[in-house]
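In: return atomic coordinates for the entry below.
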Amino acid sequence: MDLVMNGTLVPEDLQAMKYEFVRFRDLCSKMFQQLQGSASFLEKLIRHLENSDDEAAKKLLEKIKGIHLDLNMSMNDA
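Out: Here you go, the predicted model:
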């Protein structure tokens, strides 16, 4: 599929592009689900660490909060 060279779109080109976009969307969706799982784990870990008096736990908590990412965006917003 060489859209730049021939300057036209044929149905086969559009079908190939659609296929690639669907694959990309599916890959992004899977990655997003993994990120949501990581966020859920970190939230549980943070709650556990906040209740700890251990100095190492407090340091880990500070590091986790330092790399905070807003993973609560919807897939459409991302």
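In: now the helix ranked longest in the chain: average pLDDT?
Out: In the chain, assigned by DSSP state H, the helix with the most residues is helix 11-50. Throughout helix 11-50, pLDDT has a mean value of 90.
In: distance from the chain centre to the following helix or strand past it, please.
Out: Per DSSP states H and E, the first helix or strand lying C-terminal to helix 11-50 is helix 55-66. The chain centroid and the centroid of helix 55-66 are separated by 23 Å under CA atoms, centre = their mean, to the nearest Å.
In: quick one: buried residues of helix 55-66?
Out: Within helix 55-66, the residues that count as buried by 16 or more other CB atoms under 10 Å are Leu61. For the C-beta atoms, the positions are set from N, CA and C on the backbone; glycine is no exception.
In: and for stretch 36-44?
Out: For stretch 36-44, burial by neighbour count (16+ other CB under 10 Å) applies to Leu42.
In: still on that earlier bit, packing partners for the longest helix of the chain?
Out: With contacts taken as 3 or more CB pairs under 8 Å, 6 or more residues apart in numbering; DSSP states H and E, helix 11-50 sits against helix 55-66.
In: which other residues reach the helix it packs on?
Out: Under the criterion CB atoms under 8 Å, 6 or more residues apart in numbering, residues Leu42, Leu45, Ile46, Leu49, Glu50, Ser52 lie in contact with helix 55-66.
In: all good on my end, thank you.
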